[in-house]
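*Asks:* Fold the following.
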Amino acid sequence: MVTASALGLVLDLAGTFAFALNGALTAVRVARIDIVGVVTLGMITALGGGIVRDVLLGALPPSTFLDWRYLLVAAVGGLLAFGLSRQLERLARSITIFDALGLSLFAVTGAAKALDLGFGAGQSVLLGAITAVGGGTIRDVLVRRVPTVLQSELYAIPALAGATVLVAAVGLGAPDLLGALLGAGLCLLIRLLGVGFRIDAPRPPGGAEPGA
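*Replies:* So this is what the prediction gives:
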């Protein structure tokens, strides 16, 4: 399985770093907080989804607290975003790109870990999506805004799609790397297309517009 290999660790740490940057940059943009708050929100964004996943899987204590590298990478990402926030903010889509990368990587590693622990295909897809959106949801609640997963351009759907591809590839006997790349690539593509073309998931007829 992906999560049992060096590949799984690399993908997990890459997702952790991307989400830490995203969470910290979001904190800088939407909340007037100091360095402790910025780094904390970056770490929560990076680690929250994985902690929720591990609790649901019964994989305790969560891997975040068993491997110091997760905490270190999340802290470094948060500090880097704090120190370079002005430079990074000049990149118009920096936050979105980091978010899409983290979403994609966590969708496949979350699903892979569930499969590795013997869970079924449906449960693994769901846990992949929870891993991908959990940290950002906690972050948004803490900065008092509607979570991205509930109102933004295609967020949970790309995570579900990426996790599904990973699970299907593993079920068909495809190499771990191929399944992970296909799943993460599809998730990334759908997320960026949703942002670029402002495509939203279907809404109830007559419902309020986002931000209304």
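
*Asks:* least trustworthy helix or strand in this structure by mean pLDDT?
*Replies:* Ranked by mean pLDDT, DSSP states H and E, the weakest helix or strand in the chain is helix 85-89, scoring a mean of 67.

*Asks:* ok, how many other residues are close to the nearest residue to residue 48 once chain neighbours are set aside?
*Replies:* Among residues not flanking residue 48 along the chain, residue 135 sits closest, at 3.5 Å (Cβ to Cβ, 6 or more residues apart in numbering). Backbone N, C-alpha and C define where each C-beta goes, glycine included. By other Cβ atoms under 10 Å, the residues close to residue 135 number 31.

*Asks:* can you tell me which residues contact residue 135?
*Replies:* With contact set as Cβ atoms under 8 Å, 6 or more residues apart in numbering, residue 135 has these partners: 19, 23, 44-50, 102, 106.

*Asks:* State the number of residues packed around the residue nearest to residue 103 when sequence neighbours are not counted.
*Replies:* Nearest non-adjacent residue to residue 103, counting by Cβ to Cβ, 6+ apart: residue 132, 4.8 Å away. Using other Cβ under 10 Å, residue 132 has 34 neighbouring residues.

*Asks:* try residue 37
*Replies:* Here the number of neighbours of residue 37 (other Cβ under 10 Å) works out to 18.

*Asks:* quick one: low-confidence parts of the protein?
*Replies:* 1-5, 7-8, 87-95, 152-153, 200-212 (pLDDT under 70).

*Asks:* what helices or strands is the longest helix belonging to it leaning on?
*Replies:* Longest helix of the chain, by residue count under DSSP state H: helix 6-30. Helices and strands touching helix 6-30, by 3 or more Cβ pairs under 8 Å, 6 or more residues apart in numbering; DSSP states H and E, are helix 35-57, helix 68-83, helix 85-89, helix 94-116, helix 121-142, helix 176-196.

*Asks:* now it, how far from the centre of its chain.
*Replies:* The chain centre lies 8 Å from the centre of helix 6-30; the measure is Cα atoms, centre = their mean, to the nearest Å.

*Asks:* What angle do helix 121-142 and it make with each other?
*Replies:* Helix 6-30 runs at 30 degrees relative to helix 121-142, counting by axes from the mean of the first three to the mean of the last three Cα atoms, to 10 degrees.
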